[in-house]
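J.: Structure of the sequence below:
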Amino acid sequence: ERIAAMAEVAQEIAERVPFLPGTGSAKLDETLRLTAEAERLGADAALVITPYYARPTQEALYSWYSTVAKEFPSLPIIIYNVPSRTAVDIAPETVARLRRDHDNVVGIKETTKDFEHFSQVLHKCGRDFLMWSGIELLCLPLLAIGGVGFVSAVANLAPAAVAKMYTAYVEGDHKTALDLHYALHPLVELLFVETNPAPAKWVLEQRGLIASGHVRPPLITPTDAGIKRINELLAQSEGVA
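T.: Sure, this is the predicted structure:
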């Protein structure tokens, strides 16, 4: 199913923009198979999440990513660190070790609220290491310490505003970037009224942008109370979303 999704996306974008599929899982054989398919489909890089639930040690994480990097030496590998979802946090020292030992380990998506962690990774890996934020309200601050951008969930609801915030910052218009950062706050709160991605999918369905807001169990579509709060936040974000 994931391979079918990657194939659909590859065909749809037709090399117009970079193709960065997520290919990680909790199983090494599955991760290698998905990454191989991504490479075959022309991915520009693969986003590989830390293996969830098992809670591997730092040495085990090093071994995991080394295996992936060695298997696909010509494919850039981007580490995906999201401890709130996986129950494991890859340490800056481990990232730096992978960076030193594998030329194709080129970046990381950091989804941690520990901003010192962001800075330590860039300090230890070198400021040419590519870092994206996965925490919405740290997207703009990350640019100030050398990050290259963000993998944004709120961009599904307000793509133009998120893109403009990034462009304004890199062009030196920091006031506009900051104004947009704060204007996006209600939408960021909306994403987490109930477990993401249920609120975002509900909004996209209401707007006719996706056919269904369905989420698979154990998630559920937003409750009546959740929908009420979602609509309140949408009203607050008028003009941005």
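J.: so where's the chain uncertain?
T.: Applying pLDDT under 70 to the chain flags no residue at all.
J.: ranges for the helices of it?
T.: Remark: helices assigned in the chain by DSSP state H are 2-13, 28-40, 58-71, 83-86, 92-101, 115-125, 139-144, 159-170, 174-183, 185-191, 198-206, 224-236.
J.: Could I get those helices in a markdown table, plus columns for mean neighbour count and distance to I77?
T.: The C-beta positions use only the backbone N, C-alpha and C, and glycine is treated the same way. Below are those laid out as a markdown table (neighbours: other CB atoms under 10 Å; distance: least, CB to CB, whole Å):
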| stretch | mean neighbour count | distance to I77 |
| --- | --- | --- |
| helix 2-13 | 13 | 16 |
| helix 28-40 | 17 | 8 |
| helix 58-71 | 17 | 5 |
| helix 83-86 | 16 | 17 |
| helix 92-101 | 19 | 9 |
| helix 115-125 | 18 | 13 |
| helix 139-144 | 19 | 20 |
| helix 159-170 | 17 | 24 |
| helix 174-183 | 16 | 30 |
| helix 185-191 | 21 | 27 |
| helix 198-206 | 20 | 27 |
| helix 224-236 | 14 | 36 |
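J.: Just send those helices back as a markdown table, with distance to S133 too.
T.: Putting the helices of the chain into a markdown table (distance: least, CB to CB, whole Å) gives the following:
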| stretch | distance to S133 |
| --- | --- |
| helix 2-13 | 22 |
| helix 28-40 | 22 |
| helix 58-71 | 20 |
| helix 83-86 | 14 |
| helix 92-101 | 15 |
| helix 115-125 | 8 |
| helix 139-144 | 4 |
| helix 159-170 | 11 |
| helix 174-183 | 12 |
| helix 185-191 | 12 |
| helix 198-206 | 17 |
| helix 224-236 | 21 |
